[in-house]
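[1] Pasting the sequence and the predicted model now:
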Amino acid sequence: MEESKKQTLSQSEQLKVQTEVFYMYKHFDSTPNHVQNQWLTLQRYNHIEYLTKGLKHLGPGFCCLDANRPWLCYWILHSIALLGESVDCDLEDNAIDFLSRCQDPDGGYGGGAGQLPHLATTYATVNSLITLGGDKALSSINRHKLRNFLLRMKVSSGGFRMHDAGEIDVRACYTAISVASILNILDEELTENVGNYILSCQTYEGGIAGEPGTEAHGGYTFCGLATMILINEVDRLDLLSLIDWMAFRQGVESGFQGRTNKLVDGCYSFWQGGAMALIQRLSSLIDAQVRSSFIGEGEQTTGRTEASVKFESGGGSASAGSLAQGNLSDAGLSFLNRSTEADPFFDTVGLQRYILLCSQDPHGGLKDKPGKHRDYYHTCYCLSGLSVCQHSWSKTAKSQPLPPAISGPYTNLLEPIQPLFNVVIEKYRQANDFFSVSY
């Protein structure tokens, strides 16, 4: 009998986190409103100071991240952009110079000069250069050679390798397709069978795993969903079970966990919250799949056709229907212009409270959960998730969008992001215009 009362390590850690978070919430709820507002204040100046310092110099403890330096650039630059700031000219020039030296002579970007080109650092570099913006940054990308690199990474199953002889997974599919889409080099040769590979990774739970036969995961779910949108095949996913799985990943703390029975983590504010923001724009597809679930098995094809038509003709000034006629790279802009007709599928107020009270370091930077240390990765994805929450209620179906739904003072407002790529919308639009000319 005593044996059955013993807790697993996961249960013990979960209880510890819950206790600490609930203590913070209880203390917060018992304070006067004006004090609550102070506690919910985004420490904007301290975050910018922390980020800018990291862009200028990193200590010896970061040596283990030598192959991830483009990621450090992206996490920091994107966080600064979310806060509505930009770096000075010298820092911008230094960043462009460093990232240019990461470009392999045969295409793609490595973690540093002379390092093996890798899809993850290619994605981080491209997003960094787009976030910096301007002709110097954007023109430094050799799109022709980059496309050749992407093709070299493609495998017969429809997936991609992360690097030469590297692993094949959903993350590789997303980074390859995301880069190709945002640079206007996406075509049918790159997208061939990608949808089939992603479908093979959707699990019985509804989420998407890194590779077939493994466990559904928040990061891979975002990557798989975004990829399917970018190749205009999102109606092939089982969206109903996907929503169900994601909804149950928001824990009692109001933050998101990455997998079933795992602890809450601030970075999933974007990986799960961002995926929810994508789903929010697919209400017509979801409605069609709901209707399809009530008809016979033999009529499922009809349900998919109806969903496809609705997606291709629905909302916004740009139609996804044109994608089937060749210009796949229009998917990002077309999706962004679609109406947000549904309410958020998660508790945006609760998630904001978790980020601001439990993940924010008052001295600058954000972190996984109480008791952890701040870092640039969690700063980037906590702020990205916060932006998603704030702008999730801004419907565009009517003539006037609703104001952002901000927890805390209005000074907490962050820049809105293009959720498919996780870059600030203004930066995305500039890049879209710049790369509209074929390479």
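    Okay, I see it. Predicted, not measured: the structure shown is a model, and the values here were computed from it.
[2] When you work out contacts or count neighbours from here on, use the C-alpha atoms and nothing else.
    OK.
[3] Shouldn't Gly107 be within a strand?
    No: the assignment for Gly107, made by DSSP: H, G, I helix; E, B strand; the rest coil, is coil rather than a strand.
[4] thought it was touching Phe149?
    Yes: counting by Cα atoms under 8 Å, Gly107 does reach Phe149; the two are 5.2 Å apart.
[5] which stretches of this protein have low pLDDT?
    1-4, 296-326, 394-403 (pLDDT under 70).
[6] Grab the longest helix from it for me.
    In the chain, assigned by DSSP state H, the helix with the most residues is helix 9-29.
[7] Now do the buried residues in that one.
    In terms of neighbour count (16 or more other Cα atoms under 10 Å), helix 9-29 has its buried residues at 17-18, 21, 25, 28.
[8] Output those as CSV; include the columns distance to Leu138.
    Putting these into CSV (distance: Cα to Cα, whole Å) gives the following:
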residue, distance to Leu138
Val17, 43
Gln18, 45
Val21, 43
Tyr25, 45
Phe28, 45
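[9] What is the nearest of these to Gly210?
    Checking the buried residues of helix 9-29 against Gly210 by Cα to Cα gives Val17 as the nearest, at 26.8 Å.
[10] How about the contacts made by that closest one?
    Contacts for Val17 (Cα atoms under 8 Å, 6 or more residues apart in numbering) come out as 263, 370.
[11] go on, His378?
    Contact analysis of His378 by Cα under 8 Å, 6+ apart lists 266-267, 366-368.
[12] all helices for the stretch 201-350 of the chain, in order.
    Using DSSP state H, counting those that start in this stretch, the helices of the stretch 201-350 of the chain run over 218-230, 239-247, 268-280, 283-292, 300-313, 331-336, 348-354.
[13] sorry, back to before: which is the next helix or strand following the longest helix of the chain?
    Helices and strands here follow DSSP states H and E; after helix 9-29, the next one along the chain is helix 33-39.
[14] got the buried residues for that following helix?
    Buried, per 16+ other Cα under 10 Å, within helix 33-39: 36, 39.
[15] same question, stretch 261-270
    Residues of stretch 261-270 classed as buried: 263-270 (neighbour count, 16+ other Cα under 10 Å).
[16] Identify, from those, the entry nearest to Asp347.
    Nearest to Asp347 among these, with distances taken as Cα to Cα, is Ser269, at 11.1 Å.
[17] wait, doesn't the closest one sit right on Leu386?
    Yes: using Cα under 8 Å, Ser269 is in contact with Leu386, at 7.2 Å.
[18] Tell me the residues that contact both of those two, please.
    Common neighbours of Ser269 and Leu386 (Cα under 8 Å, 6+ apart) are 351, 355.
[19] what separates stretch 378-390 from the chain centre, distance-wise?
    Distance, stretch centre to chain centre, for stretch 378-390: 9 Å (Cα atoms, centre = their mean, to the nearest Å).
[20] Okay, Gly213 and Tyr197: tell me how far apart.
    The gap separating Gly213 from Tyr197 is 12 Å, by Cα to Cα, to the nearest Å.
[21] again with Pro212
    Applying Cα to Cα to Pro212 and Tyr197 gives a distance of 8 Å.
[22] Over to Gly159?
    6 Å.
[23] Same check on Tyr354?
    Tyr354 is 35 Å from Tyr197, by Cα to Cα.
[24] Name the residue in those two with the higher neighbour count.
    Tyr354 (28 against 21; other Cα atoms under 10 Å).
[25] From Leu386, how far off is the more buried one?
    The gap separating Tyr354 from Leu386 is 10 Å, by Cα to Cα.
[26] Could you name every residue contacting both of the two?
    Counting by Cα under 8 Å, 6+ apart, nothing touches both Tyr354 and Leu386.
[27] Just say helix, strand or coil for the nearest residue to Asn412 once chain neighbours are set aside.
    In space, and not counting its chain neighbours, Asn412 is closest to Leu42: 5.3 Å by Cα to Cα, 6 or more residues apart in numbering. Secondary structure, three-state DSSP: Leu42 is coil.
[28] Need the phi and psi values for Leu42.
    phi -70, psi 120 (degrees, to the nearest 10).
[29] What is the neighbour count of it?
    Neighbour tally, Leu42, other Cα under 10 Å: 27.
[30] try Gly110
    A total of 27 residues lie near Gly110 under the criterion other Cα under 10 Å.
[31] For it, give me its contacts.
    67, 102-104, 116-118, 121-122.
[32] let's see 10 Å
    Counting by Cα atoms under 10 Å, 6 or more residues apart in numbering, Gly110 touches 67-70, 99, 101-104, 116-122, 124-125, 163.
[33] Ok, Leu72 next?
    Taking Cα under 10 Å, 6+ apart as the test, what Leu72 contacts is 54-55, 58, 62, 65-66, 78, 121, 124-125, 128, 375-377, 380.
[34] Which of these are buried, as a PyMOL select command?
    If you want just the buried ones from the contacts of Leu72 in PyMOL, going by 16+ other Cα under 10 Å, the selection is:
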select buried, resi 54+55+78+121+124+125+128+375+376+377+380
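[35] Alright, that wraps it up for me.
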